[in-house]
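In: Next one to model:
(one chain, ligands or ions: 2)
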Amino acid sequence: MIILGIETSCDETGVAIFDEEKGLLAHQLYSQIKLHADYGGVVPELASRDHVKKTIPLIKAALADANLTSDDIDGIAYTAGPGLVGALLVGATIGRSLAYAWDVPAVPVHHMEGHLLAPMLEDNAPAFPFVALLVSGGHTMMVDVKKIGEYRILGESVDDAAGEAFDKTAKLMGLDYPGGPLLSKLAEKGTKGRFVFPRPMTNRPGMDFSFSGLKTFAANTVRANDNDEQTRADIAYAFQEAVVDTLTIKCKRALKETGYKRLVIAGGVSANTSLRKELEATMKKVGGEVFYPRTEFCTDNGAMIAYAGMQRLKSGEKSDLSVTAKPRWPIDQLEPVNS
Ligand code: KG4
Ligand code: ZN
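Out: Ligands and ions are numbered 1, 2, ... in the order given. As a prediction, the model looks like this:
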């Protein structure tokens with residue numbers, strides 16, 4: 001079975017072709033970062049228009065890369081939500097229409113399930129069950145993953161997502177959009193201990209998160225100090241340390257509650273080296289293992305959508321001719337995949 005995956009939920013157009021036997025055959029990605037940079041964030045209407053321009057050329061390029069034609073495609077997976085509704089509608093309409101024209105099934109994929117399953121594209125894929133920490137620009141969630149589609153949310157952010165907190169803090173420090181990776185780079189030169197930020201919601205039980213206070217704390221620290229390069233790096237360090245520490249504390253709780261020894265981190269912030277290091281050290285201590293996607297598949301991409309769609313199509317999931325776009329779509333509403 002060969003699946004074409006299409007991702008257009010936010011500011012990246014991603015297309016990939018996944019073969020059940022041979023694995024990933026091709027993947028194409030176009031990032032709209034430059035388009036939105038002047039505005040300091042994603043402008044939904046511009047995002048939709050750009051997906052309209054890029055999706056079909058990327059599909060053609062992916063087919064050419066894989067040395068395939070449309071006749072070789074057995075199904076199409078497209079991101080149906082959550083995300084920006086206009087952006088979602090582009091990929092959904094193109095995916096559903098091509099599937100109709102090529103006479104193959106189309107499957108609407110949950111974007112966060114795509115992120116959650118992205119580590120499955122690696123050689124060292126985790127076995128089920130595991131705890132998944134999903135940390136992206138739009139969502140922060142701790143999930144008990146029993147199998148594909150059987151998700152229990154253990155905790156989630158009550159305000160900003162982890163990536164959003166990185167981006168907002170980076171913005172107030174004058175860094176370009178999306179600031180997460182830039183802030184993390186700045187933190188590399190920071191001094192430990194000069195500033196100490198709070199670890200939100202760690203002094204009460206549970207696995208929910210709150211990151212908006214950290215952004216305010218960063219704003220106040222910036223205002224109260226000089227703006228030299230070392231001070232900026234020290235503030236970035238303290239912010240990142242607080243986020244990483246908070247996420248680690250919640251992961252430990254999730255592992256304790258579930259009794260699992262496997263931890264998956266996925267979504268844009270899982271590319272953060274400091275977070276990876278800290279969770280690796282933590283898992284080593286408890287005799288467990290942490291799994292994450294290769295860096296390019298931490299952020300949005302078509303490969304994770306093709307993979308997730310393949311699992312659902314293989315299990316016999318069918319969808320009608322409707323074009324599905326759900327800006328809000330809780331992950332625990334998904335149906336378990338028959339295996
Ligand atoms: O998963 P993703 O591509 O998009 C959503 O589904 O939201 O995640 C993008 C987010 C952005 O907020 C970006 O700043 C953040 O991931 N990010 C990082 C790093 N790389 C990407 N945050 C911290 N450190 C990084 N290295
Ligand atoms: Zn994403």
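
In: Now do the helices in the stretch 151-300 of the chain.
Out: For the stretch 151-300 of the chain, applying DSSP state H, counting those that start in this stretch gives helices covering 162-172, 180-187, 212-224, 229-258, 273-285.

In: Where does the prediction get shaky in this protein?
Out: Scanning the chain for pLDDT under 70 picks out no residues.

In: That one against ligand 1: which residues are in contact?
Out: Residues of the chain lying near ligand 1 by C-beta under 6 Å from any ligand atom: 10, 136-138, 163-164, 166-167, 178, 180-181, 184, 267-269, 271-272, 299-300. From N, CA and C alone the C-beta is placed, and that goes for glycine too.

In: Around ligand 2, pick out the residues from the stretch 51-200 of the chain.
Out: Contact residues (C-beta under 5 Å from the ion) of the stretch 51-200 of the chain with ligand 2: S136.

In: can we see that at 6 Å?
Out: The stretch 51-200 of the chain comes close to ligand 2 at residues 111, 115, 136, as judged by C-beta under 6 Å from the ion.

In: Compile these into CSV and extend it with columns for secondary structure and neighbour count.
Out: Shown next, in CSV, are those (DSSP: H, G, I helix; E, B strand; the rest coil; neighbours: other C-beta atoms under 10 Å):
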residue, secondary structure, neighbour count
H111, helix, 28
H115, helix, 31
S136, coil, 23
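
In: and the helices of the stretch 151-300 of the chain, which is most packed in?
Out: helix 162-172 (a mean of 24; mean count of other C-beta atoms under 10 Å).

In: name the helices or strands packed onto that one?
Out: If contacts are counted by 3 or more C-beta pairs under 8 Å, 6 or more residues apart in numbering; DSSP states H and E, helix 162-172 sits against helix 180-187, helix 212-224, helix 229-258.

In: List the contacts of the second one.
Out: Outside of helix 212-224, the residues that reach it under the criterion C-beta atoms under 8 Å, 6 or more residues apart in numbering are 159-160, 165, 168-169, 172-173, 195, 197-198, 200, 235, 238-239, 242-243.

In: how about a cut-off of 7 Å?
Out: Residues outside helix 212-224 that contact it (C-beta atoms under 7 Å, 6 or more residues apart in numbering) are 159-160, 165, 168-169, 172-173, 195, 197-198, 200, 235, 239, 242-243.

In: Next, the angle from that helix to helix 162-172.
Out: Helix 212-224 and helix 162-172 meet at an angle of 20 degrees, taking axes from the mean of the first three to the mean of the last three C-alpha atoms, to 10 degrees as the criterion.

In: could you dump helix 212-224 to CSV, C-alpha only?
Out: Coordinates of the C-alpha atoms in helix 212-224 are reproduced here as CSV (Å, rounded to 0.1, in the frame of the first residue of the first chain):
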residue,chain,number,x,y,z
SER,A,212,1.6,32.4,30.0
GLY,A,213,3.0,33.5,33.4
LEU,A,214,6.6,32.6,32.2
LYS,A,215,6.2,35.1,29.3
THR,A,216,5.1,37.8,31.8
PHE,A,217,8.0,36.9,34.1
ALA,A,218,10.4,37.2,31.1
ALA,A,219,8.9,40.6,30.2
ASN,A,220,9.4,41.9,33.7
THR,A,221,13.0,40.6,33.9
VAL,A,222,13.8,42.2,30.5
ARG,A,223,12.4,45.5,31.7
ALA,A,224,14.3,45.4,35.0
